[in-house]
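Fold the following.
(2 chains)
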Amino acid sequence: MKDDVIVLAIESSCDETSVAIVKNGVEDLATTIFSQIDIHKVFGGVVPEIASRNHEQNITIVLEETLNKAGLSMNDIDAIAVTYGPGLIGSLLVGLMAAKALSISSNKPLIPVHHIAGHIYANNLESPLKFPLIALVVSGGHTELVLMKEDYSFEKIGGTLDDAVGEAYDKVARIIDVGYPGGPVLDKLAQKGEDTYDLPKPLDDKTDDFSFSGIKSAVINLVHNEKQRGNEIRKEDLACSFQNRVVEILTKKTIRAMEKLEIKNLILAGGVAANSSLRRRLEEECEKKEFNLTIPSLKYCTDNATMIGAAGYYSYLLGNRLDGKIVAKSVEELKNH
Amino acid sequence: MKTLFLDTSSFYINIATSDNDKIVVHHQEKNDQKLSERIFFLIEDVIEKSNFLLSDIDKIYVVNGPGSFTGIRVGITIAKTLAWNLKIPICTISTLMMMSSGYKETTIPLIKDRNGFVYSGLYNEEAMKSNDIYIKLEELVISNKKYKFLSYEEVEGVEVFEPKVDIIEIIKKFKDEKENVHSVKSNYIKKMDVEK
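Numbering: from 1, shown residues only, chains lettered A, B, ... in the order given. Have a look, this model is predicted:
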């Protein structure tokens, strides 16, 4: 029988300092997430320099707490996995510097993990991925359809031409002044509203690509015009109308891509996977079509190191190592290494 | 007693090892290449040339600013992670104190920032604690004319001397000092624009 592989993972690509210990890519032995959300809320978005400073101040605390929770020491760890991109350069650097320092001071291999590979492998913590599959990756920085024929093989079949879906949520939330982050706030409002506003369908065409800048501009214009006319914006209804349009196109294009490629397994990944309406619509459609749908539990939807540890295990098995130059990538296509 | 000294905060990278208060290897180079891509090659190289293993190190000294925000942060993150993992003491040193460590007399090291501001402090052999400030150059010069100013760069209208780094002096001076590794942090001094 193959020996167990225990991966210690570090994720610091945005405003969460997280460390996790994951066994064999499936079992979460311990996870710690230090979220800076309250720190950045004041500014209405993540301030990169503040994020980097907080990562630096918290990294050893989060490391120690995670090992303590798991009842393990660095000696029990087989490999160290770290997010190298995409994300905020300064934030990524803190994770990378700490991971490399751990690697050289305990002689453990260092495994590079793409942030989106992590989001995809959050599903592996629910049940092992079944191939071939399509992953709908939706977050503040991504809106992608990815085809996977086997473990750690990624083929992008569609993506956003402009704003990511989570970004559009944040911007719309800012326009109607309901707070940050926009996703959860609008989702909650939408549940109390009705679809009464006439917003355009975002890039409702034959391609597998997405575009959310048009609907965002439509919201800006609508709010502006209503203000000029002296009309109050019904925030719940606007949130509902916006969310319906976005969720419909995500669902429609995802299901269509699966039918086209004759794929029966769908996984949802990324922060927007927490969206209640998107979860429900995909569940309904997958049940109708008899597709298998996996959705990460809510705690693995937002940024966390557990998913990096899950993905890191497969990256480790493939022999990927971060031996040479340590480079943080702010923008990086999803790759097989 | 074996030590590792790490400075990535400003104009030069300084990485040094010492053994019983004697320098074993001191590598200094201009900090003008991609620091994060290079720093681990340099650290591992210095450790190897010293015939040390990282696990031989008994204490880490790290320069925690002021200087380049990213530079300081890279050094601090590496040093505190190493100290935490190796379970050894860590001690932070001001960039300005380091610049004046080779002088016996009282000096005023300074690092130029934008808009006529500088990071500076007053240092002599006895000074233990960092007293660094962020101040307009003119104000600093007017009230401190009797002291020697130190800077790596030319400073308009001020006679400046080359900083001298004496790592053994620093190691001896801070022999009994150590900090809780979790509280070790960068000393940026200057506030970010959003904080003002």
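
How about the closest residue to chain B within the stretch 51-200 of chain A, nearest residue that isn't a chain neighbour?
Residue of the stretch 51-200 of chain A nearest chain B, by C-beta to the nearest C-beta: A:A101 (3.8 Å). All C-beta atoms are positioned from the backbone trio N, CA, C, and that covers glycine. Nearest residue to A:A101, sequence neighbours excluded (C-beta to C-beta, 6 or more residues apart in numbering or on different chains): B:T81, at 3.8 Å.

Look up which helix or strand that neighbour falls in, please.
helix B:69-86 (DSSP states H and E).

quick one, what contacts the residue nearest to A:A101?
A:I59, A:T60, A:L63, A:M97, A:A98, A:A101, A:L102, A:S105 (C-beta atoms under 8 Å, 6 or more residues apart in numbering or on different chains).

could those go into CSV alongside distance to B:S100 and neighbour count?
What follows is the contacts of B:T81, written out as CSV (distance: C-beta to C-beta, whole Å; neighbours: other C-beta atoms under 10 Å in any protein chain shown):
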residue, distance to B:S100, neighbour count
A:I59, 30, 28
A:T60, 30, 22
A:L63, 34, 23
A:M97, 28, 30
A:A98, 31, 29
A:A101, 29, 26
A:L102, 34, 23
A:S105, 31, 20
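
Just give me the closest of those to B:M99.
A:M97 (23.9 Å; C-beta to C-beta).

tell me the contacts of that closest one?
For A:M97, the contacting residues are A:I326, B:S36, B:I39, B:V74, B:T77, B:I78, B:T81, by C-beta under 8 Å, 6+ apart.

So it: helix, strand or coil?
Using DSSP: H, G, I helix; E, B strand; the rest coil, the structure places A:M97 in helix.

list the contacts for the residue lying closest to it once chain neighbours are set aside?
Among residues not flanking A:M97 along the chain, B:T77 sits closest, at 4.2 Å (C-beta to C-beta, 6+ apart). Shown in contact with B:T77 (C-beta under 8 Å, 6+ apart): A:E56, A:I59, A:L93, A:V94, A:M97, A:A98, A:A101.

quick one: B:T77 from A:V19, how far?
14 Å (C-beta to C-beta, to the nearest Å).

what's the answer for B:K146, then?
Distance of B:K146 to A:V19, given as C-beta to C-beta: 51 Å.

pretty sure A:L278 contacts A:T254?
No: with contact defined as C-beta atoms under 8 Å, A:L278 does not count as touching A:T254 (9.8 Å).

Which of B:K146 and A:V19 has more residues huddled nearby?
Between B:K146 and A:V19, A:V19 has the larger neighbour count (other C-beta atoms under 10 Å in any protein chain shown), namely 33 against 7.

Report how many residues lie close to the residue nearest to the more buried one when sequence neighbours are not counted.
Among residues not flanking A:V19 along the chain, A:T66 sits closest, at 4.3 Å (C-beta to C-beta, 6+ apart). As a burial measure, A:T66 scores 23 neighbours (other C-beta under 10 Å).

what's A:T66 in contact with, if anything?
Taking C-beta under 8 Å, 6+ apart, we find A:T66 in contact with A:L8, A:V19, A:A20, A:I21, A:A30, A:T31, A:T32.

mind putting these in JSON lines, pLDDT included?
Formatted as JSON lines, these follow (pLDDT from 0 to 100):
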{"residue": "A:L8", "pLDDT": "98"}
{"residue": "A:V19", "pLDDT": "98"}
{"residue": "A:A20", "pLDDT": "98"}
{"residue": "A:I21", "pLDDT": "98"}
{"residue": "A:A30", "pLDDT": "98"}
{"residue": "A:T31", "pLDDT": "98"}
{"residue": "A:T32", "pLDDT": "98"}
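
residue contacts, the residue nearest the centre of chain A?
Nearest residue to the geometric centre of chain A (C-alpha atoms, centre = their mean): A:G270, 2.6 Å. A:G270 sits next to A:I116, A:H119, A:V137, A:V138, A:S139, A:H142, A:G166, A:C301 when contact means C-beta under 8 Å, 6+ apart.

Filter those residues down to the ones in strands?
Counting by DSSP state E, the contacts of A:G270 place A:V137, A:V138 in strands.

can you map out the strands along chain B?
Ranges of strands within chain B are B:2-7, B:12-19, B:22-30, B:59-63, B:90-93, B:107-112, B:117-120, B:133-136, B:148-150, B:160-161, based on DSSP E.

For B:E126, which of the ones you listed is the nearest?
With C-beta to C-beta as the measure, strand B:107-112 is the member of the strands of chain B nearest B:E126 (12.7 Å).

Around chain A, which positions in chain B sit nearby?
B:34, B:36-40, B:43-44, B:54-55, B:69-70, B:73-74, B:76-78, B:80-82, B:84-86, B:181-182, B:185-186, B:188, B:192, B:194 (C-beta under 8 Å from any C-beta of the partner chain).
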